[in-house]
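# need a 3D model of the sequence below.
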Amino acid sequence: MTTCLIGLGGNLGNMPQTIVGALQSLSRSPGVRVERWSSLFQTTPVGSAAGSEFTNAAAQLETTLSARELLSCLLAVETEFGRERSIEWGPRTLDLDLLFFGNNVINEPPVLHVPHSGCWYRRFVLDPLFELVPDFVHPEKHQTIAELRARLLARPFRVDVLDLAGSIDPVLRAMQATLPESELRAIRQPDEVRHDDHGLLVRLDSGPLPPWALPLKSRVGWLDVSARMGDRQQKLINILRSVGL
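Okay, the predicted model is just below:
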């Protein structure tokens, strides 16, 4: 048996009823046993078209399935509860994310990446996980759930944006005015890189990294969203909303 952690959420319909129903459906799936689950958390929506407030939770499963088989099972339960994917970051009846599959690191793009790529900086994921498994160690970040969550609680919350093109300053100024609990800064040269690893270090734009920036990829706070769709300002807004600002 492999111990797995999943995230549950949505904002359409009776979410407490949907989450209980989804856990019951999972418990009836061959090779899956639902061990325990967190409280329900009300969270701010992330994304310009996300709709109203979300309800989120986490659950611990035991399974004899492979990671791909478990993912297929989660997708089937989503479909059972009416999940549609017509709008990215849109409203949803049910979201089931495979967050951790034991201590395994699995990268099979575009279908499967475990641990879930966003779980370490999203409060709506970490808060339920903190209730369930605060001492679980992220196999890539090498910090516990409690430590990852604690990183997000500092105020002002620091975000350094790698800006090799030198064009992000107007975006940061506009965002700083509306998010006073954040500290936003662009970095373009090696002497601008801070030696500690607090907050986030975000890469928005694709392209080769200069040699001095390559070691930054090993930092806990490194977040590369260069491959995601959307403009840079909306990407940053989504990140900061996920952090809990």
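# quick one: low-confidence residue ranges for the chain.
For the chain, applying pLDDT under 70 flags the ranges 85-89.
# outline the domain layout of it.
Domain assignment for the chain, taken from automatic domain parsing, gives 2-151, 157-243.
# okay, now the shortest one: how far is its last residue from its first?
As for domain 157-243, its first-to-last residue distance stands at 9 Å under the measure C-alpha to C-alpha, to the nearest Å.
# again with stretch 116-128
This stretch, stretch 116-128, spans 15 Å end to end (C-alpha to C-alpha).
# ok, residue 81 - contacts?
Applying C-beta atoms under 8 Å, 6 or more residues apart in numbering, we find residue 81 in contact with 18, 21, 22, 25, 93, 94. Bear in mind the C-beta positions are built from the backbone N, C-alpha and C, glycine included.
# tabulate those residues (a markdown table), appending secondary structure and distance to residue 127.
Shown next, in a markdown table, are the contacts of residue 81 (DSSP: H, G, I helix; E, B strand; the rest coil; distance: C-beta to C-beta, whole Å):
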| residue | secondary structure | distance to residue 127 |
| --- | --- | --- |
| 18 | helix | 19 |
| 21 | helix | 22 |
| 22 | helix | 19 |
| 25 | helix | 24 |
| 93 | coil | 21 |
| 94 | coil | 19 |
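# quick one: buried ones out of these?
18, 22, 25, 93, 94 (16 or more other C-beta atoms under 10 Å).
# closest one to residue 144 out of the residues you listed, please.
The closest of the buried ones among the contacts of residue 81 to residue 144 turns out to be residue 22 (C-beta to C-beta; 26.8 Å).
# measure the closest residue to residue 136 other than its chain neighbours to residue 133 for me?
Closest residue to residue 136 apart from its sequence neighbours, by C-beta to C-beta, 6 or more residues apart in numbering: residue 145 at 5.2 Å. The gap separating residue 145 from residue 133 is 6 Å, by C-beta to C-beta, to the nearest Å.
# out of the two, which sits in the busier spot?
Ranked by neighbour count (other C-beta atoms under 10 Å), residue 145 and residue 133 place residue 145 first, with 26 against 19.
# hang on, that one packs against residue 131?
No: with contacts counted by C-beta atoms under 8 Å, residue 145 stays clear of residue 131, the gap being 9.5 Å.
# and the residue lying farthest from the centre of the chain, which of the three is it?
Distance from the centre of the chain peaks at residue 191, with 29.8 Å (C-alpha atoms, centre = their mean). Three-state assignment for residue 191 (DSSP: H, G, I helix; E, B strand; the rest coil): helix.
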